[in-house]
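Participant: based on what follows, work out the 3D shape:
(one chain, ligands or ions: 3)
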Amino acid sequence: MSGASIRFVLHGEVIEVDNVDPTRTVLQFLREDLGRKGSKEGCAEGDCGACTVVVAELTRDGDELALKSINSCIQFLPTLDGKELLTVESLAPDSSSLHPVQRAMIDEHGSQCGFCTPGFVMSLFVLYKTNPKPSRQEIDDALAGNLCRCTGYRPIIAAAQSMYAESPDDSDWLRQPCGKQDKPTERITRLKGLQRADGLEFDVAGRRYYAPVDIDTFAAIYARHPDATILAGGTDIGLWVTKQHRELQTVIYTGRVEELTNLSVMPAHIEVGAAVTLADVMPVIIDHYPGLEELFRRFASPPIRNAGTLGGNIANGSPIGDSMPALMVLGASLVLRQGDSVRELALEEFYHDYQVNDLRPGEFVAAIRIPKNEEAVIVSSQKWSKRFDQDISAVCTAYRLELDGEVVRSFRMACGGLAPIIKRARTCEAALDGKHWNEQNLERACAALASDFTPISDARASADIRLRAVQNMLRRFYLETRGEVDTTVYSYGRQS
Ligand SMILES: Cc1cc2nc3c(=O)[nH]c(=O)nc-3n(C[C@H](O)[C@H](O)[C@H](O)COP(=O)(O)OP(=O)(O)OC[C@H]3O[C@@H](n4cnc5c(N)ncnc54)[C@H](O)[C@@H]3O)c2cc1C
Ligand code: FES
Ligand code: FES
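Facilitator: Residues are numbered from 1 along each chain as shown. Ligands and ions are numbered 1, 2, ... in the order given. Okay, here's the model as predicted:
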């Protein structure tokens with residue numbers, strides 16, 4: 001592997017950075033090293049969006065560029081290697097020639113104190129470039145990771161609706177300094193020149209960073225350094241550094257490993273490399289299981305989903321992680337690799353206790369296997385949190401129901417937020433298996449949930465409320481299967 005400088009494009013120039021601490025964040029680098037202070041730090045934990053920047057990277061075939069918003073406050077700088085970084089300063093060369101997004105924000109009074117504005121502008125910039133006619137819901141979804149405490153959002157949404165009417169962004173993308181215009185093809189060529197055939201490796205004051213490009217090398221490095229931290233999207237790990245001030249000695253990055261970033265739809269299952277981002281995998285899962293659409297739309301925010309991975313969600317193993325209940329009821333399994341040996345394990349056998357899983361020293365999640373849908377199977381998931389958007393679940397449930405007429409051929413339910421680990425509700429399931437799918441049996445199943453879980457009280461909900469909530473969520477699922485409730489809770493009085 002080669003090193004030791006990181007190379008990425010900023011403002012039309014290739015930037016090379018030497019001797020960087022592997023966990024220095026992109027935001028620290030922008031503000032403290034470059035004095036590029038448009039991107040702000042609000043929360044330093046991926047919640048507020050004030051630090052939102054955009055990354056352009058080559059698609060897998062290398063022929064196109066994909067634009068993704070990310071939270072620069074929790075993204076480690078070395079992960080930018082081989083990519084292009086766009087900040088709010090990239091959008092317009094001077095204040096007399098604003099980008100249409102910026103012009104619309106001014107015209108619609110979308111900025112008051114201005115602290116959140118650069119982040120909103122960058123999220124809107126991605127929307128502007130990727131969706132020529134967004135619906136109101138698509139605008140809300142695009143802005144789910146940006147908070148504003150001044151405007152009440154109405155003017156920002158008005159700006160999102162009117163930005164297309166401004167004189168168009170006539171550059172292929174945006175302007176470069178001195179009026180220089182870059183065509184996408186030039187950007188692609190430049191980024192191709194930055195790709196590494198043999199990965200990146202460096203050591204700064206004893207702290208090591210590895211970004212291998214193939215799984216054999218990855219496995220060999222991890223076998224040599226079983227105490228290393230595997231870094232995927234960093235949306236959990238970033239907070240260990242910014243909030244818990246943990247020092248990571250050795251970091252091995254998954255994001256460049258070809259096999260770990262593969263996503264394939266096979267005849268019987270979907271094979272998801274552990275480093276495939278949530279943004280990339282969700283549409284594929286929803287395609288097979290439309291009942292999971294709302295869950296995934298409410299999973300964090302676009303910048304978190306653009307960086308965070310399915311493998312990271314599973315390996316992190318939070319008892320309130322959102323993907324696991326659904327994957328468990330679908331019967332997903334994990335491909336685990338340690339050195340040269342590979343084994344497959346059902347996801348529901350992966351978690352032993354709070355933060356304790358089945359991984360052995362030097363072993364990692366290589367892929368997730370999700371069985372494909374069978375006809376006549378109903379799959380759904382419900383997330384209960386204090387806010388609709390960008391909030392961690394208090395309780396998250398998932399269901400898989402197979403009916404033979406009115407009789408339950410098989411029922412699976414899994415829950416997060418009710419125990420130290422996410423797990424199946426076995427007693428509840430048994431109360432329904434082989435029984436009639438009716439209200440009487442449903443009530444027995446609801447009562448059985450009290451034997452499956454002994455929830456605790458915390459800041460999100462009391463134990464009693466959690467149990468009642470999950471019973472009501474099951475009742476809601478029953479009504480949904482009867483067509484008696486709207487399957488989406490989105491509207492909240494908003495227009496579409
Ligand atoms: C603002 C915000 C909102 C969030 N909202 C949600 C939400 O709504 N729902 C939810 O479930 N989560 C949420 N999260 C948590 C987080 O985004 C997810 O858990 C995400 O999927 C983590 O993936 P990652 O790639 O960023 O993992 P990382 O942070 O890179 O890693 C997480 C853990 O997994 C380990 N790991 C990663 N890949 C592997 C591998 N291949 N093999 C073995 N170990 C591995 C790492 O070593 C680390 O221990 C949120 C986080 C933030 C900051
Ligand atoms: S500073 Fe709040 S999301 Fe980054
Ligand atoms: S304008 Fe003040 S926080 Fe949004």
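Participant: and Thr454, what is it in contact with?
Facilitator: By CB atoms under 8 Å, 6 or more residues apart in numbering, the contact list for Thr454 reads Ala419, Ala463. Where C-beta positions appear, they are placed from N, C-alpha and C, glycine not excepted.
Participant: can you do 10 Å?
Facilitator: Thr454 sits next to Leu418, Ala419, Ala463, Arg466, Leu467 when contact means CB atoms under 10 Å, 6 or more residues apart in numbering.
Participant: repeat that for Ala447.
Facilitator: If you count contacts by CB under 10 Å, 6+ apart, Ala447 has them with Thr427, Cys428, Ala431, Gln471.
Participant: after the strand or helix carrying the first one comes which helix or strand?
Facilitator: Think Thr427. Taking DSSP states H and E as the criterion, the element that holds Thr427 is helix 426-432. Going down the chain from helix 426-432, the next helix or strand is helix 439-452, by DSSP H and E.
Participant: buried ones in that following helix?
Facilitator: Asn441, Leu442, Ala445, Cys446, Ala448, Leu449, Asp452 (16 or more other CB atoms under 10 Å).
Participant: save those as JSON lines, and put in pLDDT and distance to ligand 2 too.
Facilitator: Listed next are those as JSON lines, based on pLDDT from 0 to 100; distance: CB to the nearest ligand atom, whole Å:
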{"residue": "Asn441", "pLDDT": "97", "distance to ligand 2": "46"}
{"residue": "Leu442", "pLDDT": "97", "distance to ligand 2": "41"}
{"residue": "Ala445", "pLDDT": "98", "distance to ligand 2": "40"}
{"residue": "Cys446", "pLDDT": "97", "distance to ligand 2": "39"}
{"residue": "Ala448", "pLDDT": "97", "distance to ligand 2": "41"}
{"residue": "Leu449", "pLDDT": "96", "distance to ligand 2": "36"}
{"residue": "Asp452", "pLDDT": "95", "distance to ligand 2": "36"}
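Participant: surely Ser380 meets Phe477?
Facilitator: Yes - between Ser380 and Phe477 a contact is recorded at 5.9 Å, counting by CB atoms under 10 Å.
Participant: now do the shared contacts for the two.
Facilitator: Common neighbours of Ser380 and Phe477 (CB under 10 Å, 6+ apart) are Gly291, Thr397, Ala398, Tyr399, Leu401, Thr487.
Participant: now rank the contacts of Ala447 by neighbours and give me the top one.
Facilitator: Compared across these, Cys428 has the highest neighbour count, 27 neighbours, by other CB atoms under 10 Å.
Participant: residue ranges with poor pLDDT in the stretch 251-400 of the chain?
Facilitator: Within the stretch 251-400 of the chain, no range satisfies pLDDT under 70.
Participant: relative to Val284, how far out is Val265?
Facilitator: Per CB to CB, to the nearest Å, Val265 is found 7 Å from Val284.
Participant: and Ala223, helix, strand or coil?
Facilitator: helix (DSSP: H, G, I helix; E, B strand; the rest coil).
Participant: got the contact list for it?
Facilitator: Arg337, Gln338, Gly339, Asp340, Pro361, Gly362, Glu363, Phe364.
Participant: can you count the residues close to the first one?
Facilitator: The burial count assigned to Arg337 is 23, neighbours taken as other CB under 10 Å.
Participant: how about it, nearest residue that isn't a chain neighbour?
Facilitator: Ala366 (4.4 Å; CB to CB, 6 or more residues apart in numbering).
Participant: what about the helices in the stretch 251-400 of the chain?
Facilitator: Taking DSSP state H, counting those that start in this stretch as the test, the helices found in the stretch 251-400 of the chain are 278-288, 293-297, 302-307, 310-316, 323-329.
Participant: for those helices, give me a markdown table that also has distance to Ser39 and mean neighbour count.
Facilitator: Listed next are the helices of the stretch 251-400 of the chain as a markdown table, based on distance: least, CB to CB, whole Å; neighbours: other CB atoms under 10 Å:
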| stretch | distance to Ser39 | mean neighbour count |
| --- | --- | --- |
| helix 278-288 | 21 | 18 |
| helix 293-297 | 26 | 21 |
| helix 302-307 | 12 | 26 |
| helix 310-316 | 23 | 23 |
| helix 323-329 | 29 | 28 |
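Participant: within range of ligand 3, give me the residues from the stretch 101-250 of the chain.
Facilitator: Applying CB under 6 Å from any ligand atom, we find that the stretch 101-250 of the chain lies next to ligand 3 at Ser111, Gln112, Cys113, Gly114, Phe115, Cys116, Thr117, Cys148, Arg149, Cys150, Thr151.
Participant: among those, name the ones in helices.
Facilitator: Mapping those onto helices (DSSP state H) picks out Thr117.
Participant: can you list the residues of the stretch 101-250 of the chain next to ligand 3 in TSV and add neighbour count and pLDDT?
Facilitator: Shown next, in TSV, are these (neighbours: other CB atoms under 10 Å; pLDDT from 0 to 100):
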residue	neighbour count	pLDDT
Ser111	21	97
Gln112	14	97
Cys113	10	97
Gly114	10	97
Phe115	17	98
Cys116	24	98
Thr117	24	98
Cys148	22	98
Arg149	11	96
Cys150	14	97
Thr151	21	96
